[in-house]
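Colleague: When you get a sec, could you give me coordinates for this:
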Amino acid sequence: MELIPVILSGGVGSRLWPVSREAHPKPFMNLPDGQNLIQKTFLRAADLNGVVEILTVTNRELLFKTEDEYRTINKHNLNQGYILEPFGRNTAAAVAAAALQLLQSHGPQAHMLVLAADHLIQNEAAFSEAVTQAVQLAEQGWLVTFGIKPQYPETGFGYIEAAAGGVLEGGLKVERFVEKPDAKTAESYVAAGNYFWNAGMFCFQVGAVIEEFKAHAPDVLEAVERTLEASRRSTSKGYSCLALDAESFANVPDISIDYALMERSRKVATIPCDIGWSDIGSWNAVSELTPPDASGNRFEGEVMAHGARNNYVSTEDRLAALVGVQDLLVVDTPDALLIAHKDHAQDVKHIVKRLKSDGHAAHLLHRTVHRPWGTYTTLEDGDRFKIKRIVVKPKASLSLQMHHHRSEHWIVVSGMAVVVNDDQELMLNTNESTFIRAGHKHRLQNPGVIDLVLIEVQSGDYLGEDDIVRFEDNYGRCDA
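Modeller: Here you go, the predicted model:
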């Protein structure tokens, strides 16, 4: 039996701003134990019986960040594959693309386990047992969901209704999927005993789910098939990569796997389970991961409190002090501070929407931005100048590039740099510098075995990140 976990890593996680942002979304949020959600998902999947490969469906802009996160934890060198979306088209497209890819590589009898990259499961033994039961049902042709036994009448989740008398070996036949209910309806669901939270995790045989797509969502399947025919496949660093063609992918219907398939098929089963599942859908959910003090406060970082009760504070670099307040969520990052009442945790997304409509960079980027070659941190951003701290990983290189509107001064703080500056190539050591004129082709490379750290001072009439023309690039980002 071959099992291939398919990790879906998309979405922004706007309710978890300011930590989660478009270029650093929710799966990459570090939890109090130091691991992030996508690492936890990978490790959880890798420990399951029968796993031969892990396939990740993600945005192409997040490939290198995902690689970095997996590299630190993939101790057994488990085979990996990636499907890179040019933009999101919802979960039906992602699942169909994964199924068609696995049909080619593993055949119709292989089992795929669809997991969200940004969910938390705390009882991994119970999860493993539930997956074993799901695989057994999937072998019989069922499309299997994981139904979380509700602990309380939650209005923020969809529900799965199990059919009366629909007992299967290890699971239950699904009668229907139910939208997020109001509070009274949710109470009735919990009391009934045959309703379960829809965790958005699935298990099926590759051939079976493709046949169900043909029967219930042929438009999705056919559009994805055309996309795969036009897409580019490659193999590097020991993993396969399928970069979906943007023009074809734009024609794929934007619909969830629930609407496209699970609600229409009559071959759906659920595994009722109690696995310590959370979708980590708000700062309230994050706060539950930190033990409370005697006053009900939950603190991450350096915090002092006087007369404060039932608050959550997360601070990275600064001391935070609370006096005489209660029921607040306080999340401090280097460039943005969130203060919200716990009753309005779901409304954080409206701030993100406003930031995006106003063109504010805080919806997209942190002050520290991750790139395939390393990171840069904006230290100061003023009128006609910007100062950055750049860290280049050993043996890594930025693209050969040019800027129309800005010049740059580079000063090496530590390490060694090989610099292409117009028609010159030079070596810079610690405390040495160079000046890059606007319009000059240039490149920065770290030939050493330790990080290269330098300070970059930009000056010019326009300093946006989109003022760049790439001529050569090791990461497939070339423009010219």
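
Colleague: can you tell me how far G200 sits from E222?
Modeller: 24 Å (C-beta to C-beta, to the nearest Å). In this view, the C-beta of every residue, glycine as well, is placed from N, C-alpha and C.

Colleague: Which residue of these two possesses the greater neighbour count?
Modeller: G200 (21 against 15; other C-beta atoms under 10 Å).

Colleague: does the more buried one count as helix, strand or coil?
Modeller: Put simply, G200 is strand when judged by DSSP: H, G, I helix; E, B strand; the rest coil.

Colleague: In space, what's closest to it - neighbours in sequence excluded?
Modeller: Distances taken as C-beta to C-beta, 6 or more residues apart in numbering place A116 nearest to G200, at 5.5 Å, with adjacent residues excluded.

Colleague: Point out where the stretch 101-250 of the chain drops to low pLDDT.
Modeller: Applying pLDDT under 70 to the stretch 101-250 of the chain flags the ranges 237.

Colleague: can you pull out the helices in it?
Modeller: Remark: helices assigned in the stretch 101-250 of the chain by DSSP state H, counting those that start in this stretch are 124-138, 183-192, 206-216, 218-230, 246-249.

Colleague: now these in JSON lines, with distance to V313?
Modeller: JSON lines is the format used below for the helices of the stretch 101-250 of the chain (distance: least, C-beta to C-beta, whole Å):
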{"stretch": "helix 124-138", "distance to V313": "29"}
{"stretch": "helix 183-192", "distance to V313": "29"}
{"stretch": "helix 206-216", "distance to V313": "44"}
{"stretch": "helix 218-230", "distance to V313": "44"}
{"stretch": "helix 246-249", "distance to V313": "42"}
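
Colleague: do you know which of those helices lies nearest G170?
Modeller: When the helices of the stretch 101-250 of the chain are compared by C-beta to C-beta, helix 124-138 sits nearest G170, at 3.8 Å.

Colleague: And the strands in the stretch 301-450 of the chain?
Modeller: Assigned by DSSP state E, counting those that start in this stretch, the stretch 301-450 of the chain shows strands spanning 303-306, 312-315, 320-323, 328-333, 336-341, 368-371, 374-382, 385-392, 400-402, 406-414, 417-421, 424-428, 433-436, 442-445.

Colleague: elements contacting the shortest one?
Modeller: With contacts defined as 3 or more C-beta pairs under 8 Å, 6 or more residues apart in numbering; DSSP states H and E, the packing partners of strand 400-402 are strand 442-445, strand 469-472.

Colleague: now do 7 Å
Modeller: Counting contacts by 3 or more C-beta pairs under 7 Å, 6 or more residues apart in numbering; DSSP states H and E, strand 400-402 packs against strand 469-472.

Colleague: quick check: mean pLDDT across the strand it packs on?
Modeller: For strand 469-472, mean pLDDT rounds to 94.

Colleague: So what touches stretch 78-86?
Modeller: Contacting residues not belonging to stretch 78-86 are listed as 46, 51-60, 63, 70, 97-98, 101, 239-244, 246, 249 [C-beta atoms under 7 Å, 6 or more residues apart in numbering].

Colleague: From the residues you listed, which land in strands?
Modeller: Per DSSP state E, strands hold the following members of the contacts of stretch 78-86: I54, L55, T56, V57, T58, N59, Y239, S240, C241, L242, A243.

Colleague: Redo those as CSV? Include neighbour count and distance to R470.
Modeller: Shown next, in CSV, are the ones in strands among the contacts of stretch 78-86 (neighbours: other C-beta atoms under 10 Å; distance: C-beta to C-beta, whole Å):
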residue, neighbour count, distance to R470
I54, 25, 30
L55, 27, 29
T56, 28, 25
V57, 25, 26
T58, 22, 22
N59, 19, 19
Y239, 18, 24
S240, 17, 25
C241, 18, 19
L242, 23, 23
A243, 17, 17
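
Colleague: Let's have these in TSV, adding distance to L261.
Modeller: Shown next, in TSV, are these (distance: C-beta to C-beta, whole Å):
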residue	distance to L261
I54	23
L55	18
T56	21
V57	16
T58	21
N59	23
Y239	28
S240	25
C241	26
L242	21
A243	25
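
Colleague: any idea which of the residues you listed is closest to H24?
Modeller: Distances from H24 to those, taken by C-beta to C-beta, are shortest for N59, at 12.0 Å.

Colleague: quick one: contacts for the closest one?
Modeller: Taking C-beta under 7 Å, 6+ apart, we find N59 in contact with G10, E85.

Colleague: tell me the domain boundaries of this structure?
Modeller: Following automatic domain parsing, one finds the domains of the chain at 3-278, 283-348, 368-472.

Colleague: For K356, which of those domains is the nearest?
Modeller: Nearest of those (C-beta to C-beta): domain 3-278, 8.3 Å.

Colleague: any idea how far G141 is from V174?
Modeller: 14 Å.

Colleague: actually P292, not the one I typed
Modeller: P292 is 47 Å from G141, by C-beta to C-beta.

Colleague: again, but for V190
Modeller: V190 sits 31 Å away from G141, going by C-beta to C-beta.

Colleague: what's the neighbour count on the residue nearest to A208 when sequence neighbours are not counted?
Modeller: Among residues not flanking A208 along the chain, G141 sits closest, at 5.1 Å (C-beta to C-beta, 6+ apart). Counted with other C-beta under 10 Å, the neighbours of G141 add up to 15.

Colleague: Surely G141 touches K267?
Modeller: Yes - at 6.1 Å, G141 counts as touching K267 under the criterion of C-beta atoms under 7 Å.

Colleague: starting at the chain centroid, how far to stretch 422-437?
Modeller: Computed by C-alpha atoms, centre = their mean, to the nearest Å, the chain-centroid distance of stretch 422-437 equals 37 Å.

Colleague: Which residues does it contact?
Modeller: Contacts of stretch 422-437 (C-beta under 7 Å, 6+ apart): 407-414, 416-419, 421, 440-442.

Colleague: Show me what counts as buried in that stretch.
Modeller: Buried residues in stretch 422-437, counting neighbours by 16 or more other C-beta atoms under 10 Å, are found at L428, T434, I436.

Colleague: Many thanks, have a good one.
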